[in-house]
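Participant: would you be able to build a 3D model of this:
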Amino acid sequence: MDESLPRPFAHLNAPLHELYRRVMGVFRVSKQRFVVHLRPEDVAESLRGNGAAPAAQDDVQEALTRLAEWGNLRATPDTSRVTTVEDFYRTRYLYQLSREGEAAERALEVYEQEIARRGELQAVALEDIRLRLRALAGLPADPDPAVVHSLLLELSGRLDSLAANASAFMSGLQRTIDLQDIDEDAFLGYKDRLLAYLERFVSDLVIKSSDIASLLRSIAPERAVSLLFMAAQREAGDMWDAAAGTDPVEAKLRDWQSRWSGIWSWFCGDRAHPSQSSLLRQRARKAIPDLLATIGVLQERRAGRSDRSADFRTLARWFAQAPSEDDAHRLWRAAFGLSPSRHFSGEPPEGAGTGESWLDAPSQVISARLRSTGRYERRGAPARIKDRSAERSRLAEQVTAEREQAEAARRRLATGRPARLSAFGELDHDEFSLFLRILGDALSAGPAGPDGVVTTRTADGTLEIVLRPLTDGTVAEIVTTEGVLRGPDHEITICDTTEPVPAAHAAAQGALR
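Facilitator: Next up, the predicted model:
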């Protein structure tokens with residue numbers, strides 16, 4: 001290994017690693033106070049004043065020398081207090097954190113924070129994200145770049161915190177479910193609060209993630225690029241060490257586009273790529289029954305139930321420690337009791353002796369009832385076979401009637417021709433149920449096209465629906481046996497895909513294309 005290369009982590013495995021960490025802590029605190037250089041006596045004074053055990057001046061000097069050799073510190077000659085020739089030739093140094101040492105301290109700080117992080121599901125962060133997005137969506141056409149930059153920074157910061165804490169919480173929760181590194185008494189004490197915490201977060205996540213996704217979709221892509229460009233320009237104005245030939249605005253814009261893409265993928269997804277919020281919701285929901293199963297396992301342990309795997313391991317040790325093969329056979333008979341055929345009560349095969357092995361004796365047919373119950377016949381009188389023909393007939397008639405009613409409703413609604421909702425008139429119970437299912441599939445099919453038209457199919461694929469909004473402001477009223485349904489009027493085309501496509505429907509589809 002090249003000794004000239006910095007090794008800023010070498011002090012962690014050194015014999016005096018505790019002293020080295022204390023010295024580096026002094027430099028880290030001093031840098032936060034904008035104190036760059038420290039003398040050995042300053043370091044020793046700080047070590048004496050922080051409440052820990054004091055360190056000798058020679059030990060501090062040796063630690064500083066070693067840290068400078070490893071690259072954690074940079075030593076420069078101290079000529080500020082030279083008053084004589086002897087002082088000039090006496091070696092004195094000022095020490096400061098090197099770039100490698102500062103990077104190592106930051107890495108160790110992040111490591112310690114992640115180890116100590118317990119994680120949490122931040123419903124408050126969801127609300128903060130929703131408020132920032134609402135503010136972004138409501139900005140004027142020519143907003144203040146400082147306001148845009150501040151909102152985007154807060155938005156990305158809250159999302160980073162939400163994602164990191166959620167990941168840490170779910171990892172810790174999985175370790176709890178797997179019964180790793182937990183205090184059983186403490187877990188049983190707070191299990192109810194943990195379950196309530198999960199249920200509350202899942203309900204908040206369902207509501208707020210839907211609102212956040214709607215706000216993200218309401219911001220046009222061109223508008224989003226404009227806002228990100230403002231933030232990139234503002235950040236690039238503070239850069240002074242950009243490399244030659246590189247555009248700092250372009251680099252910052254790529255960075256912000258990546259962050260915006262992460263925000264979008266966290267809350268907006270599709271069937272092929274579900275959003276991270278939906279994945280988190282699924283995992284949190286799955287954790288609730290898993291936690292209940294873990295609680296059941298702990299309760300069984302406390303009830304003193306025997307663990308079958310532990311019993312088999314103990315029995316295996318007994319077999320391994322058996323003094324002889326005969327002792328092992330006696331242990332087998334005592335543990336399992338399978339040698340005697342006491343369950344068999346039939347007549348022995350002709351010519352077979354009582355001491356003959358079952359492997360050598362003629363085969364014997366044994367009734368299945370004898371194997372399962374130990375008896376040849378069932379006790380009591382045989383059960384009479386009940387005639388179910390009348391019930392089957394009534395069930396067939398009911399299924400036929402329901403099918404005819406459903407087909408009649410399909411014929412009434414699936415005409416293949418455009419019609420207003422207000423023109424349907426009065427619907428019976430079956431027709432109204434089918435109409436509500438069709439209307440629900442159309443409204444939940446996702447974002448409409450540029451002209452507001454929604455085209456979709458039902459879940460079974462037998463009905464195709466085209467829903468077009470109307471701009472005349474009319475209100476549709478559909479009268480049913482349960483009441484009157486009112487809402488904005490739409491033009492709807494319902495086509496039965498199992499039947500030939502009517503000419504009118506084909507013409508309507510051609511016009512849409």
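
Participant: enumerate the positions of stretch 155-174 that are buried.
Facilitator: L155, S156, R158, L159, L162, A163, N165, A166, F169, M170, G172, L173 (16 or more other CB atoms under 10 Å). From N, CA and C alone the C-beta is placed, and that goes for glycine too.

Participant: same question, stretch 262-269
Facilitator: Neighbour count says stretch 262-269 has I263, W264, W266, F267, C268, G269 buried, by 16+ other CB under 10 Å.

Participant: will you turn those residues into TSV that also has pLDDT, distance to L331 and secondary structure?
Facilitator: Supplementary listing: the buried residues of stretch 262-269 in TSV, determined by pLDDT from 0 to 100; distance: CB to CB, whole Å; DSSP: H, G, I helix; E, B strand; the rest coil:
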residue	pLDDT	distance to L331	secondary structure
I263	87	66	helix
W264	87	67	helix
W266	85	61	helix
F267	86	63	helix
C268	85	65	coil
G269	74	60	coil
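
Participant: and those as JSON lines, adding distance to L227?
Facilitator: Listed next are the buried residues of stretch 262-269 as JSON lines, based on distance: CB to CB, whole Å:
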{"residue": "I263", "distance to L227": "12"}
{"residue": "W264", "distance to L227": "13"}
{"residue": "W266", "distance to L227": "18"}
{"residue": "F267", "distance to L227": "17"}
{"residue": "C268", "distance to L227": "17"}
{"residue": "G269", "distance to L227": "22"}
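
Participant: tell me if P140 really is in a strand.
Facilitator: No: applying DSSP: H, G, I helix; E, B strand; the rest coil, one finds P140 to be coil, outside a strand.

Participant: how much space separates it from L227?
Facilitator: 12 Å (CB to CB, to the nearest Å).

Participant: the two: who's more crowded?
Facilitator: L227 (20 against 7; other CB atoms under 10 Å).

Participant: can you tell me the element the more buried one falls in?
Facilitator: Here L227, judged by DSSP states H and E, is contained in helix 221-236.

Participant: buried ones in that helix?
Facilitator: A224, L227, L228, F229, M230, A231, A232, Q233, R234, E235, A236.

Participant: any idea of the mean pLDDT in stretch 154-170?
Facilitator: Mean per-residue pLDDT for stretch 154-170: 83.

Participant: turn the buried residues of helix 221-236 into CSV, including pLDDT.
Facilitator: Conversion of the buried residues of helix 221-236 to CSV gives the following (pLDDT from 0 to 100):
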residue, pLDDT
A224, 89
L227, 90
L228, 90
F229, 90
M230, 89
A231, 88
A232, 88
Q233, 87
R234, 87
E235, 83
A236, 81
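
Participant: now do D247: how many residues are near it, please.
Facilitator: D247 has 10 nearby residues by other CB under 10 Å.

Participant: go on, H149?
Facilitator: Residues near H149, counting by other CB under 10 Å: 19.

Participant: show residues contacting stretch 209-227.
Facilitator: With contacts defined as CB atoms under 8 Å, 6 or more residues apart in numbering, stretch 209-227 is touched by 126, 129-130, 133-134, 136-137, 139, 143, 148, 152, 257, 260, 263-264, 267-268, 275, 277-278, 281, 447.

Participant: buried subset of the residues you listed as a ChimeraX selection?
Facilitator: ChimeraX command restricting those to the buried ones, with burial defined by 16+ other CB under 10 Å:
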select :126,129,130,133,136,148,152,260,263,264,267,268,275,277,278,281
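
Participant: restricted to helices, list the contacts of stretch 209-227.
Facilitator: Members of these lying in helices (criterion: DSSP state H): 126, 129-130, 133-134, 136-137, 148, 152, 257, 260, 263-264, 267, 277-278, 281.

Participant: tell me where the stretch 401-513 of the chain has helices.
Facilitator: 429-443, 503-512 (DSSP state H, counting those that start in this stretch).

Participant: and which of the buried residues of stretch 155-174 is nearest to K31?
Facilitator: S156 (26.5 Å; CB to CB).

Participant: the strand or helix carrying that closest one: how far from the chain's middle?
Facilitator: Assigned by DSSP H and E, S156 falls within helix 145-177. With CA atoms, centre = their mean, to the nearest Å as the basis, helix 145-177 stands 13 Å off its chain's centre.

Participant: now the angle between helix 221-236 and that helix, please.
Facilitator: Using axes from the mean of the first three to the mean of the last three CA atoms, to 10 degrees, the direction of helix 145-177 lies 100 degrees away from that of helix 221-236.

Participant: output the contacting helices and strands for helix 145-177.
Facilitator: helix 123-137, helix 221-236, helix 248-267, helix 276-302 (3 or more CB pairs under 8 Å, 6 or more residues apart in numbering; DSSP states H and E).

Participant: now for the next helix or strand along the chain from the longest one, which elements pack on it?
Facilitator: It refers to helix 276-302. Per DSSP H and E, the first helix or strand lying C-terminal to helix 276-302 is helix 308-320. With contacts taken as 3+ CB pairs under 8 Å, 6+ apart, helix 308-320 sits against helix 325-336.

Participant: quick one: distance of the helix it packs on to the chain centre.
Facilitator: Averaged C-alpha coordinates place helix 325-336 at 52 Å from its chain's average position (CA atoms, centre = their mean).

Participant: list the buried residues for it?
Facilitator: Buried, per 16+ other CB under 10 Å, within helix 325-336: nothing.

Participant: contacts for that helix?
Facilitator: Residues beyond helix 325-336 that count as contacts (CB under 8 Å, 6+ apart) turn out to be L315, W318, F319, A322, S339.

Participant: of all these, which two lie farthest apart?
Facilitator: Distance extremes for the contacts of helix 325-336: the farthest pair is W318 and S339 at 17.5 Å, using CB to CB.

Participant: check pLDDT for the contacts of helix 325-336 and point me to the minimum.
Facilitator: Pick the lowest pLDDT in the contacts of helix 325-336 and you get S339, at 57.

Participant: for this protein, which residue occupies the most central location?
Facilitator: L280 (3.1 Å; CA atoms, centre = their mean).

Participant: OK, contacts around that residue?
Facilitator: Counted by CB under 8 Å, 6+ apart, L280 has contacts A166, M170, L205.

Participant: what pLDDT is listed against R375?
Facilitator: So, for R375, pLDDT stands at 65.

Participant: sort out which residues of the longest helix belonging to the chain are buried, please.
Facilitator: Of all segments of type helix in the chain, defined using DSSP H, the longest is helix 184-218. For helix 184-218, burial by neighbour count (16+ other CB under 10 Å) applies to 187, 191, 194, 197-198, 201-202, 204-205, 208-209, 211-213, 215-216.

Participant: and S363, its phi and psi?
Facilitator: When read as degrees, to the nearest 10, the backbone of S363 gives phi -70, psi 150.

Participant: now for it, how many residues are close by?
Facilitator: 7.

Participant: weakest of the helices of the stretch 401-513 of the chain in terms of mean pLDDT?
Facilitator: When the helices of the stretch 401-513 of the chain are compared on mean pLDDT, helix 503-512 scores lowest, with a mean of 44.

Participant: for the stretch 1-150 of the chain, which spans come out with low pLDDT?
Facilitator: Low-confidence segments of the stretch 1-150 of the chain, defined by pLDDT under 70: 1-4, 50-52, 79-91, 115-120.

Participant: what about the helices in it?
Facilitator: Under the criterion DSSP H, counting those that start in this stretch, helices of the stretch 1-150 of the chain are mapped to 17-32, 40-49, 57-70, 85-89, 99-116, 123-137, 145-177.

Participant: all set now, cheers.
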